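Student: Got a predicted model here, sequence first, then my questions.
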Amino acid sequence: MDKIRIRGGNKLNGTIQISGAKNAALPLMIASLLTDETLRLMNVPRLADVALLQRILGNHGVDCTIKGKRPGQPSMAGQTLDLCAGEIVDTTSPYELVSKMRASFWVIGPLLARMHEARVSLPGGCAIGTRPVDFFLDGLRALGAEIELDGGYVVAKAPNGLVGGTVTFPKASVGATHVVMMAATLAKGTTRIENAAREPEVTDLADCLIAMGANISGAGTETITIEGVEKLHGATHTVLPDRIETGTYAMAVAMTGGDVMLEGARPDLLEAALDAIKASGTHVEPTNSGIRVFRNGGPIKAVSVTTEPYPGFPTDLQAQFMALMTRAEGNSDIVETIFENRFMHVQELARLGAQISLDGQKAMVEGVPQLTGAQVMATDLRASVSLVIGGLVADGETFVNRVYHLDRGFERLEEKLRNCGAEIERISV
Ligand code: UD1
């Protein structure tokens, strides 16, 4: 299994091209199940999760073509996927595929809407909490679906098609919002989603569905209204830039010092995280082509953050910010309110010499003057990258094991960091 070796101590200087957002690309690909025409997605990141979803969709009958590179395109340009679900040949999504990635469960919405039935294994994915599916099932039931659990599978049926209804989520859920919104596009009548997730990826999916002929208003607010239509058609859509990748590299620069241009990044997608980075003593400058991040000299200041649904500080940047705070001057509190078990990185950061104590959902970080390289590993992808951030300033060598987590969510991470002066390489063992 591959490892990443990092020798800490180098500042980051240069340009990093921000990829298309993984968390937008996945639901957008799944939306291709809603039409028998071709959905063309541009700026799709080259990630293990994208490749796995291609396999899962292929199993349902989706033809997926990856367009080759065009002359003059920058080497980091995202890929273009043509997805065509001309005919759905299978409405079952098996355990072997769905257990590897939670988002693949989301096929249940489009399959049910278009085929009036779906049999989808209960999901797997990163070990960051229990992550139940009750909101999904209640949401689909509100659209008239009959749902049973059978041997680890969710079996959903709507023999006469879905009908619009009102869905009120007890807690904003990104995945459940995606699924109910997709399902409602082909339901008869009007659906209202109350307490909908407001994440930019929900808005991106809604924009694509609208381009496919759906009638949706209110995406990006707490109430989304969908008027069902008979049929959706093909469309072309460009995936929005990855705000989590943007925040991760911004935090890496805040950690090492230096001056990096995050090309293609959109500051409006991560204001809360950028505010926290600025408060820690790093300059963040929006430009015409992205975001410039620089810190030359000066200490890292301690900043406390609490994760919240969008537009609050994202849970997917919590581990990375904690890594930054391990080197701050002073103490900070990091409170996790989205997932109940998302502190797996704490014990690994401690191997690098970080001083962190836990009290329920709160991590108390006491900044230390130096980290020291060590062997570390993580059980989820954002936690893994927090260890890379730690390794970039640790004294000596850090080995990050279980690299497959990184490959699920970060396109060519070593190359992007190495191009900016980091001493980082992948070792096959
Ligand atoms: C998505 C993101 C993930 C991010 C998370 C929160 C993708 C592919 N993944 O995950 O990177 O960390 O949003 O921003 O986009 N919940 C329930 N019952 C349900 C569904 C959710 O209780 O049926 C709870 C979850 O346990 C969690 C909260 O709702 O506490 C939010 O989770 P949710 O927004 O659904 O996360 P995901 O969509 O899985």
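Tutor: Arrived safely. Numbering: from 1, shown residues only.

Student: Now do stretch 236-249: distance to the chain's middle.
Tutor: What separates the centre of stretch 236-249 from the centre of its chain is 9 Å, taken as CA atoms, centre = their mean, to the nearest Å.

Student: please begin residue numbering at 19 from this point
Tutor: Shifting the count to begin at 19 puts that one at stretch 254-267.

Student: Mean confidence (pLDDT) on it, please.
Tutor: Stretch 254-267 carries an average pLDDT of 98.

Student: again, but for stretch 278-286
Tutor: Averaged across stretch 278-286, the pLDDT comes to 97.

Student: Quote the end-to-end distance of that stretch.
Tutor: 18 Å (CA to CA, to the nearest Å).

Student: contacting residues for residue 122?
Tutor: For residue 122, the contacting residues are 70-71, 74, 111, 115-116, 141, by CB atoms under 8 Å, 6 or more residues apart in numbering. Yep, even glycine has a C-beta here, placed from its N, CA and C like the rest.

Student: Filter those residues down to the buried ones and hand me the PyMOL line.
Tutor: The buried residues among the contacts of residue 122 can be selected in PyMOL (16 or more other CB atoms under 10 Å) with this line:
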select buried, resi 70+71+74+111+115+116+141
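
Student: So, low pLDDT: which residues of the stretch 69-218 of the chain?
Tutor: The model of the stretch 69-218 of the chain has pLDDT under 70 over residues 92-94, 142-149.

Student: Show me what from it comes close to the ligand.
Tutor: 120-121, 147, 149-154, 189, 191-194, 215 (CB under 6 Å from any ligand atom).

Student: how about the residues you listed, which pair is most distant?
Tutor: Using CB to CB, those reach their maximum pairwise distance at 121 and 189, which is 18.1 Å.

Student: Compare these two and say which one has the larger neighbour count.
Tutor: Remark: of residue 121 and residue 189, residue 121 carries more neighbours, 23 against 10, as counted by other CB atoms under 10 Å.

Student: State whether that one is indeed within a helix.
Tutor: Yes: using DSSP: H, G, I helix; E, B strand; the rest coil, the assignment for residue 121 is a helix.

Student: ok, it - contacts?
Tutor: 41, 44-45, 48, 67, 71, 141, 143, 193.

Student: Get me the contact residues on the stretch 269-418 of the chain for the ligand.
Tutor: Residues of the stretch 269-418 of the chain lying near the ligand (CB under 6 Å from any ligand atom): 333-334, 356-357.

Student: Which member of those is positioned nearest residue 170?
Tutor: Closest to residue 170, out of all of those and judged by CB to CB, is residue 357, at 22.4 Å.

Student: neighbours of that closest one, just the number please.
Tutor: Neighbours of residue 357 under the rule other CB under 10 Å: 18.

Student: same question, residue 393
Tutor: 12.

Student: Show me the domain layout of the protein.
Tutor: Annotated domains of the chain cover 21-35+259-445, 43-256 [automatic domain parsing].

Student: end to end, how far does the first one reach?
Tutor: From its first residue to its last, domain 21-35+259-445 covers 5 Å (CA to CA).

Student: same thing with stretch 224-239?
Tutor: End-to-end span of stretch 224-239 (CA to CA): 12 Å.

Student: again with stretch 389-398
Tutor: 22 Å.

Student: what distance separates it from the centre of its chain?
Tutor: For stretch 389-398, the distance to the chain centre is 22 Å (CA atoms, centre = their mean).

Student: and if you look at stretch 384-395?
Tutor: In terms of CA atoms, centre = their mean, the centre of stretch 384-395 is found 26 Å from the chain centre.

Student: which parts of that stretch are buried?
Tutor: So for stretch 384-395, counting by 16+ other CB under 10 Å, buried means 385, 389-392, 394-395.
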